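*Asks:* quick one: sequence and predicted model below, then my questions.
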Amino acid sequence: MACIGIIRRHGSFETFLSNMRPDCPWNKVTTLLSEASHDIIYASLASNNQVGTLHLLGFSPTTLSAFADDGGLTRADIGFLIDVLWRSRKSMLPLRLKGLLPGLPVFLFLIYHLTQFTDMLEFERPWLNVQDLVQRCYLGNSNTYERNILRQVSRWIHDRVSGGHDFIVKLDYVPVDDDDACTVVKAYSDLLKPPIPLSLAPVMLLDVSMTMFRWISYMLRNPQPSRRALEKLAPIAAKAALERLWLEFDRERDGPMANNRRGFTRVYALDVLNNISAHYFATPDLQIREDMLRMLLGMEIYSLLGRVLALVTYESGVYIGPTHQLSNNVTYDLILPNSTLVLGLLGFMADGVAATSSWVLRLIHSYRTTLDASPFGPGQNAPSQWHHAPDPHMTFPRGIKPRFTAQSFSTVPPNFSFRIRGKYRMTAPEFDDALLEKLFPAPTFSSAFTSPSAPTPNAGITPESTAVLRRLLIENHKRFHIFFNDKGFHNHLSHHLFAAYGIGAPGHVLQAAFDEHAEYQRSAYKSPEPITQDNWTKHLGNEDFYNAYMGFFAHEIQTHGLRQTFERFVFSHEANWAKDEPRMLDRFISGLLHPLIHFGHAAEFGVEGMAVEGLAQAAVHKTAYTKLYDASYFSSSSSTGSYLASLTSALTLGGGAKPQHTHALTILARILVDERLEAGKTCAKESDSKFTDTVNNVGDIIREYASLWKVSEDEKEIQERVEELAWLVALMFGVGGWKKDRDFKADFFLVHLVTSDLFIPSILSLLKPAHKVDLLRAYFPVLLAYFVSRGRPALDVKGFFSSVTVDPKPEHSSVSESSEAVGNPWYTVLTHTIPHRDEHHVKAERALAHSAALYGIRPKGCFSHTELKGAEEIDGTLFVRTGGLLMHTLNWNFELKKTLDTNEEEWKWSRDGLGWD
């Protein structure tokens, strides 16, 4: 009723009905009604027109009812409905998480307004009950429009109960029971589970973030007597709240905070820390206190508080001198308007976290030293005597900046030398330099001599560039972790080095690439214990054991050789389907294919150190594809001769007919017309985990399609499948990102399909035929799943081949005036690729150029036998057309020496998906 009433009063109900199919399912109709009313309400809120909003609700000031012309909802009705919802609130969040109750945000919006205008006394109105319902709805699988509406209601209620009124409302939120509290905290923790995309910050603004944590914090602390089951949830909720604070600082890669964001960030930080401190002191349970402390140290609490201190410095400047009493023996002076906040934070650290004030003193020493040493001063809003102009030669690191950097203080706060990174992250690992010399020899391009489709050396490689490459690879191996932050973002440094080296980059370009990537890497650290034959499966998925896994795989490769080690620890039954299912092949292809890519450099270049790192990287990745394949997938008739199948099935394939193969492009064509895989049905456009959602929701469908793709141990057939993959990934990325009369969208996720496919031939060269089958069959469904998760974009094959140039060149090139090619376009593309600062771009152009070298001779019509619409137009120019589009999108002259404008879009990669536009 509420949704229909809003749409009717907006005057768009007839249009809504005319666009509705008569056979549309009722649940779909309900969802569409909700979405339409959300759009209308959000537009009204954006216009800040309260009269217009009340008109949409059909509010009558005479009867104090909503939708009065339709019979109306009175304040008595609302009181009854609030009571009903409140009594059943435990079921609200589970139902919302399952995609039910789509109209609830609109209804809560209505409830707020009717509660606001009731004649009930202000302090008797059930504001906290309404806010509790709003927060639950917010956590329950809400989309962006819903959260914008709910956030506004939550903010309105917060303002009413906490300020500007002549009454005081005690925050007496309570859970229904312990299970209810667990459900709430889990949903909150899942929402803020790293890696958190930066896109969440402008949706989950700090005001609603603060009311959310305050609500949960009081819910856990209010029940009296206190219950241990609730107290145990406090560290989990606190961790999520601090992750949200980190997210706000991570956003500073886009530039310094605006004034209102600085103010909200300070207030949010103080509120969160006060509540954490209250939890800490409220519990007498020593184990829970210990859990809270471990969580805080794991969250780098001192670094986080340092960022808050630096944020305060932004606004006023700070002088730390010896006059303010902080301990019995040492005094300091903090002269700043926000000293209450700073002292509150330091006091919490001294009393609630570190047990002694020595930690506080060390932080202040570090902070003061950092400010004194910084050539940039404390920030753009500090007194003029503190300000220094930034170094014009200072370059900004690519991608997501580290949480601390020595860049201009006007953009990112200074680096705090004193940091707590956890028990095991403070000890640097040790390495055998003689062993590293063996693991990182001069590249041999060994796969080029064992695989007909593996890359071959390019002209331009020199003794000097080779020496620089080896030195930098060893330095990266010794200095840096495989993840450059705590959210699992990958260290691509060596990928950039190999890609640039492979197309002829000189040594100084390699050094410049290393220097840029090194600025944001995370230091390597010693693992808690060594990895051995007895415990190698025990610590899978734990990044703290990356260094130990490197040592383990280095020993295995030196003892048994690369091929045997690779097959045993990735393809064997023990490594996949034995006790607890290690699923190493799954891990090897997970993480957006990064372990496979990393290991692939070892196979292509003959550098075993990359195999050590790649296998260790696979070991510390989580599994990702349980819905795409399990043991039975490899034992099905979809393959002939799979080694994993022979180990997981007692059945043997008979001597019957060979399974019928379906071409990869035909499978792609069928996926494009499958209504079950439409954009929006497999994952939401607003989702920050589109791939995971897609695999969870339609993994069984994708698996069915993948099972149509047959491959046997015959080498000729394997090479045919390798070629199919090259065409498939280029079409997905190139044609999938192209649309007539619109700029090319270089999808950041689909480009990894292109860059990973480059290494498939080289990796296959290490494997016995049965293992080759297993790798190809595990790899293929992942490609399909990523394509579907990006929205399954339509492929206008005919338009692409009739519109996109086969002779890409810079707009201001001396040969741009020529309508015909005057040379090899790939020479032009690769010349501009060598110094490019984005490693994904360098890798992609190299991969596309290799496919062009192998398959560029294919004429139009060679894919006419497939079901893909427009396939008769496909020819070997697909790769250069795609390479040219990528060059135009990412800038032909974006060199490593160029300083990035902080307002410039990050490399112009598309991350929003392709199938929704």
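*Replies:* Ah, there it is. Predicted, not measured: the structure shown is a model, and the values here were computed from it. Numbers count the residues shown, from 1 in each chain.
*Asks:* the strands in the protein, which residues?
*Replies:* Taking DSSP state E as the criterion, the chain carries its strands at 65-66, 73-74, 320-325, 331-334, 639-640, 711-712.
*Asks:* tell me where the model's unsure across the stretch 251-400 of the chain.
*Replies:* Within the stretch 251-400 of the chain, the ranges that satisfy pLDDT under 70 run 251-259, 302, 310-400.
*Asks:* and what of the stretch 551-700 of the chain?
*Replies:* 636-658.
*Asks:* go again using 90 as the cut-off
*Replies:* Low-confidence segments of the stretch 551-700 of the chain (pLDDT under 90): 579-580, 631-659, 686-688.
*Asks:* where do the helices sit along it?
*Replies:* 562-566, 573-576, 584-589, 594-605, 608-619, 631-635, 643-648, 664-672, 690-706 (DSSP state H, counting those that start in this stretch).
*Asks:* in PDB, could you pull the C-alpha coordinates for the lengthiest helix in the chain?
*Replies:* Taking DSSP state H as the criterion, the chain has its longest helix at helix 259-282. Taking Å, rounded to 0.1, in the frame of the first residue of the first chain, the C-alpha atoms of helix 259-282 are listed here in PDB:
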ATOM      1  CA  ASN A 259      36.000  20.200   6.300                       C
ATOM      2  CA  ASN A 260      32.800  18.400   7.100                       C
ATOM      3  CA  ARG A 261      34.400  15.000   6.600                       C
ATOM      4  CA  ARG A 262      37.300  15.900   8.900                       C
ATOM      5  CA  GLY A 263      34.700  16.900  11.600                       C
ATOM      6  CA  PHE A 264      32.700  13.800  11.200                       C
ATOM      7  CA  THR A 265      35.800  11.600  11.200                       C
ATOM      8  CA  ARG A 266      37.000  13.100  14.500                       C
ATOM      9  CA  VAL A 267      33.600  12.700  16.100                       C
ATOM     10  CA  TYR A 268      33.200   9.200  14.800                       C
ATOM     11  CA  ALA A 269      36.700   8.200  16.100                       C
ATOM     12  CA  LEU A 270      36.000   9.600  19.500                       C
ATOM     13  CA  ASP A 271      32.600   7.900  19.800                       C
ATOM     14  CA  VAL A 272      33.900   4.500  18.700                       C
ATOM     15  CA  LEU A 273      36.900   4.600  21.000                       C
ATOM     16  CA  ASN A 274      34.700   5.700  24.000                       C
ATOM     17  CA  ASN A 275      32.400   2.800  23.400                       C
ATOM     18  CA  ILE A 276      35.300   0.400  23.000                       C
ATOM     19  CA  SER A 277      36.800   1.700  26.200                       C
ATOM     20  CA  ALA A 278      33.400   1.300  28.000                       C
ATOM     21  CA  HIS A 279      33.200  -2.300  26.800                       C
ATOM     22  CA  TYR A 280      36.700  -3.000  28.000                       C
ATOM     23  CA  PHE A 281      36.200  -1.700  31.500                       C
ATOM     24  CA  ALA A 282      32.600  -3.000  31.800                       C
END
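*Asks:* elements contacting it?
*Replies:* helix 206-221, helix 234-250, helix 286-298, helix 301-316, helix 339-348 (3 or more C-beta pairs under 8 Å, 6 or more residues apart in numbering; DSSP states H and E). For every residue, glycine as well, the C-beta is placed using N, CA and C.
*Asks:* can you redo those helices as JSON lines with distance to Ser765 and mean neighbour count?
*Replies:* Below are the helices and strands packed on helix 259-282 laid out as JSON lines (distance: least, C-beta to C-beta, whole Å; neighbours: other C-beta atoms under 10 Å):
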{"stretch": "helix 206-221", "distance to Ser765": "51", "mean neighbour count": "23"}
{"stretch": "helix 234-250", "distance to Ser765": "41", "mean neighbour count": "22"}
{"stretch": "helix 286-298", "distance to Ser765": "42", "mean neighbour count": "16"}
{"stretch": "helix 301-316", "distance to Ser765": "45", "mean neighbour count": "22"}
{"stretch": "helix 339-348", "distance to Ser765": "57", "mean neighbour count": "18"}
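*Asks:* how about those, which one is nearest Ala844?
*Replies:* Among these, the nearest to Ala844 by C-beta to C-beta is helix 234-250 (25.8 Å).
*Asks:* the closest one - what's its average pLDDT?
*Replies:* Averaged over helix 234-250, pLDDT sits at 89.
*Asks:* just checking, what packs against it?
*Replies:* Going by 3+ C-beta pairs under 8 Å, 6+ apart, helix 234-250 lies up against helix 178-191, helix 206-221, helix 259-282, helix 286-298, helix 301-316.
*Asks:* could you chop this protein up by domain?
*Replies:* 1-170, 427-624, 654-917 (automatic domain parsing).
*Asks:* mind telling me which of those domains the model trusts least?
*Replies:* For the domains of the chain, where the average pLDDT is lowest is domain 1-170, sitting at a mean of 76.
*Asks:* rewinding a little: do you know which of the helices and strands packed on helix 234-250 lies nearest Leu439?
*Replies:* So among the helices and strands packed on helix 234-250, helix 286-298 is nearest, using C-beta to C-beta, at 31.7 Å.
*Asks:* just checking, Arg568 touches Asn576?
*Replies:* No. If you go by C-beta atoms under 8 Å, Arg568 and Asn576 don't touch, sitting 11.0 Å apart.
*Asks:* neighbour count winner among the two?
*Replies:* More crowded of Arg568 and Asn576, by other C-beta atoms under 10 Å: Asn576, with 24 against 14.
*Asks:* which ones are touching the more buried one?
*Replies:* Pro582, Arg583, Met584, Leu585, Asp586, Ala631, Leu644 (C-beta atoms under 8 Å, 6 or more residues apart in numbering).
*Asks:* skipping adjacent residues, who's closest to the second one in space?
*Replies:* This means Arg583. Thr623 (4.8 Å; C-beta to C-beta, 6 or more residues apart in numbering).
*Asks:* any idea how far Asp39 is from Pro105?
*Replies:* 12 Å (C-beta to C-beta, to the nearest Å).
*Asks:* okay, those two: which has more neighbours?
*Replies:* Each of Asp39 and Pro105 has its neighbours counted (other C-beta under 10 Å); Pro105 has more, 27 against 15.
*Asks:* what is the neighbour count of the closest residue in space to the more buried one that isn't next to it in sequence?
*Replies:* Closest residue to Pro105 apart from its sequence neighbours, by C-beta to C-beta, 6+ apart: Glu146 at 4.3 Å. Glu146 is flanked by 26 other residues according to other C-beta under 10 Å.
*Asks:* likewise Lys798?
*Replies:* Neighbours of Lys798 using other C-beta under 10 Å come to 14.
*Asks:* I'd say it and Gly870 touch.
*Replies:* Yes. Taking contacts as C-beta under 8 Å, Lys798 lies within contact range of Gly870: 4.3 Å.
*Asks:* sorry, back to before: for the helices and strands packed on helix 259-282, which one sits closest to Ala679?
*Replies:* helix 234-250 (27.0 Å).
*Asks:* could you give the angle of that closest one to helix 286-298?
*Replies:* Relative orientation of helix 234-250 and helix 286-298, computed by axes from the mean of the first three to the mean of the last three C-alpha atoms, to 10 degrees: 10 degrees.
*Asks:* starting at the chain centroid, how far to helix 234-250?
*Replies:* Relative to its parent chain, helix 234-250 has a centroid offset of 16 Å by C-alpha atoms, centre = their mean, to the nearest Å.
*Asks:* angle of it against helix 259-282?
*Replies:* Using the same axes, to 10 degrees: helix 234-250 against helix 259-282 is 160 degrees.
*Asks:* identify the residue spatially nearest to Arg155, adjacent ones excluded.
*Replies:* Asp207 (5.1 Å).
*Asks:* and the one you found, what pLDDT?
*Replies:* pLDDT, Asp207: 86.
*Asks:* so what's it up against?
*Replies:* So Asp207 contacts Arg151, Ser154, Arg155, His158, Phe264 (C-beta under 8 Å, 6+ apart).
*Asks:* now those as TSV including distance to Lys478?
*Replies:* Below are the contacts of Asp207 laid out as TSV (distance: C-beta to C-beta, whole Å):
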residue	distance to Lys478
Arg151	47
Ser154	49
Arg155	50
His158	51
Phe264	41
